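K.L.:
coords please:
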Amino acid sequence: MSSHKIIIAIDGYSSCGKSTLAKELAGKLGYSYIDSGAMYRSITLYFLRNQVNYSNHDDVLNAIANINLTFVFNEQEHQSEIHLNDENVELYIRDMIVSEKVSEVAAIREVRSFAVGQQKRMGRKKGIVMDGRDIGTTVFPDAELKIFMTADPEVRVMRRFKEMYAANPHTTIEEVRNNLELRDYIDSNREESPLHRAHDALILDNSNLTREEQLKLVQEWVKERIADLKSAK
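P.N.:
Just a heads-up that it's a prediction; the model follows:
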C-alpha cells in the first residue's frame, strides 16, 4: 500500500476478531503480524505443562528463563505460527484449559514484562500489526494507528462457542460465556497493564460488520493515517 511503514496496534476484548483482522490487514499491507495473545497463551501452556506455581515469584522467574518464543511463517497456511521452545503449539494454546488460565498468567508482572520486552523488540523496524490487550497503551504508546475493538457480548459468546465447539463438541455455551465474563473482568481490573482504550484509539464495533467490511474500513483508516503523516512532514 505504501513504502511509509507504521505500527498498527489493535486492542480489545476477547472474541472480537482482533487476530482475524490483524492477520488479514498485515497480509494486505505486506506487514508482519504479531499475535501477542498467542505469546501469553504459550507461556500459560508452559506453566501448565511444568506445573509452575505462578503465585511464587522465584518459580515464575525460573520458568520464564526457560521459555523461548518465536513466530515461524508457515508457507502452506500463509501465516505465522508461534513456537514454544522450537515446538509449534498453535493447536495446543487454543484448548479451553489454557483459555481458563491465560488471563491469570498474563496479569503477572514478571510475565508481562517478559512478553512486552519481546514485543517492543519486534516493533523496532515498524511495518507490523500487533493485537492484544495493552498494545496501544503499554507496548506501543506511540503507535501511529491505534484501534480498539469491541462487539456485543452475546455476539462474542457465539463466535467463541463456534470456535471451541469445532475443536470440542462437549463445550457448552454457558462454559464459554462464563469464561469470557471472567476474562473480561480480569483483563480490565488487573494491576499490571489493564485493558482499556487508549485515548487516541479509533473504536471499531464489529457487532454487525462482516470480515470484509471491517477490513475495508480499517484499510481506509491506514491510508488516511499515512497520508496525514506524510503531509505533516
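
K.L.:
From here on, just use CA atoms for contacts and neighbour counts.
P.N.:
Noted.

K.L.:
now the helices: where do they sit in the chain?
P.N.:
For the chain, the helices defined by DSSP state H occupy 18-29, 36-49, 57-64, 96-106, 109-122, 153-167, 173-189, 211-232.

K.L.:
Tell me who's in contact with the spatially closest residue to His196 that is not a sequence neighbour.
P.N.:
Using Cα to Cα, 6 or more residues apart in numbering and skipping the chain neighbours, the partner closest in space to His196 is Ser188 (6.7 Å). By Cα atoms under 8 Å, 6 or more residues apart in numbering, the contact set of Ser188 is Pro194, Leu195, His196.

K.L.:
neighbours of the first one, just the number please.
P.N.:
Taking other Cα atoms under 10 Å as the criterion, the count of residues near Pro194 is 17.

K.L.:
separation between the closest residue to Tyr33 other than its chain neighbours and Pro169?
P.N.:
With Cα to Cα, 6+ apart as the measure, Val129 is the residue that lies nearest to Tyr33, at 5.0 Å, once sequence neighbours are left out. For Val129, the distance to Pro169 equals 33 Å [Cα to Cα, to the nearest Å].

K.L.:
Neighbour count: the two, which is higher?
P.N.:
Set Val129 next to Pro169 and count neighbours by other Cα under 10 Å: Val129 wins out with 28 against 10.

K.L.:
measure stretch 56-69 end to end?
P.N.:
Using Cα to Cα, first and last residues of stretch 56-69 are 22 Å apart.

K.L.:
Contacts for it, please.
P.N.:
39, 42-43, 46-47, 52-54, 82-86, 110-111, 114.

K.L.:
Buried ones from those, can you make that a PyMOL selection?
P.N.:
Of the contacts of stretch 56-69, the buried ones can be selected in PyMOL as follows, counting by 16 or more other Cα atoms under 10 Å:
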select buried, resi 39+42+43+46+47+54+82+83+84+110+111
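
K.L.:
Lowest-confidence member of the contacts of stretch 56-69, which is it?
P.N.:
Of all the contacts of stretch 56-69, Tyr54 has the smallest pLDDT value, namely 90.
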